[in-house]
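> Quick one, fold the following:
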Amino acid sequence: ETGKDRLTKLSNFQCLALKHAMSFPQVTKIVYSTCSIHEEENEGVVSQILTESSGSGWELKAPHCFDHWTRRGRPVCGLTEAQAQCLIRCNGHEDE
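As a prediction, this is how the structure comes out:
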């Protein structure tokens, strides 16, 4: 199994887990967090879920407790700049 294959499998599983969480009628908020540096598992998953759930009432919101955080998501995988700004990224070597 290649690294790319593993990333694809992990991303698919993460999408499945998010869709499952979104299927509960009482759930109104979901926090998606990974320990991955890979766009496929981060922005890619968020973009895919937003596309697949379009019109269902789910929306992406920036966490206000991280307003001061400067490292944000990347406008890749179909995300707009505004959507990417709702995401945060960390780098253990640079962020405190």
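> secondary structure class for Cys86?
coil (DSSP: H, G, I helix; E, B strand; the rest coil).
> now the residue lying closest to it once chain neighbours are set aside: how far from His20?
Once flanking residues are discounted, Cys86 sits nearest to Ala62: 4.2 Å by C-beta to C-beta, 6 or more residues apart in numbering. C-beta: built from backbone N, CA, C; applies to glycine. Applying C-beta to C-beta, to the nearest Å, the value for Ala62 to His20 is 24 Å.
> cool, Gly57 as well?
17 Å.
> State the three-state secondary structure for the spatially most central residue of the chain.
Using C-alpha atoms, centre = their mean, the residue of the chain that lies closest to the mean C-alpha position is Val46, 3.6 Å off. Put simply, Val46 is helix when judged by three-state DSSP.
> Which one of Ala62 and His20 is surrounded by more residues?
Ala62 (16 against 9; other C-beta atoms under 10 Å).
> I'd assumed Gln83 was in contact with the more buried one.
No. Assessed by C-beta atoms under 8 Å, Ala62 is found out of contact with Gln83, at 9.6 Å.
> neighbours around the nearest residue to Cys90 once chain neighbours are set aside, how many?
Closest residue in space to Cys90, ignoring its immediate chain neighbours: Arg71 at 6.6 Å, by C-beta to C-beta, 6+ apart. If you count neighbours by other C-beta under 10 Å, Arg71 ends up with 12.
> Then Cys35?
Residues near Cys35, counting by other C-beta under 10 Å: 7.
> Where does the prediction get shaky in the protein?
Where the chain drops to pLDDT under 70, the residues are 96.
> Just the terminal-to-terminal distance for stretch 31-42.
12 Å (C-alpha to C-alpha, to the nearest Å).
> same deal with stretch 59-76?
18 Å.
> any residues touching that stretch, and which ones?
Contacts to stretch 59-76, defined as C-beta atoms under 8 Å, 6 or more residues apart in numbering, come from residues 31, 39, 42-44, 46, 50, 79, 81, 83-91, 94-95.
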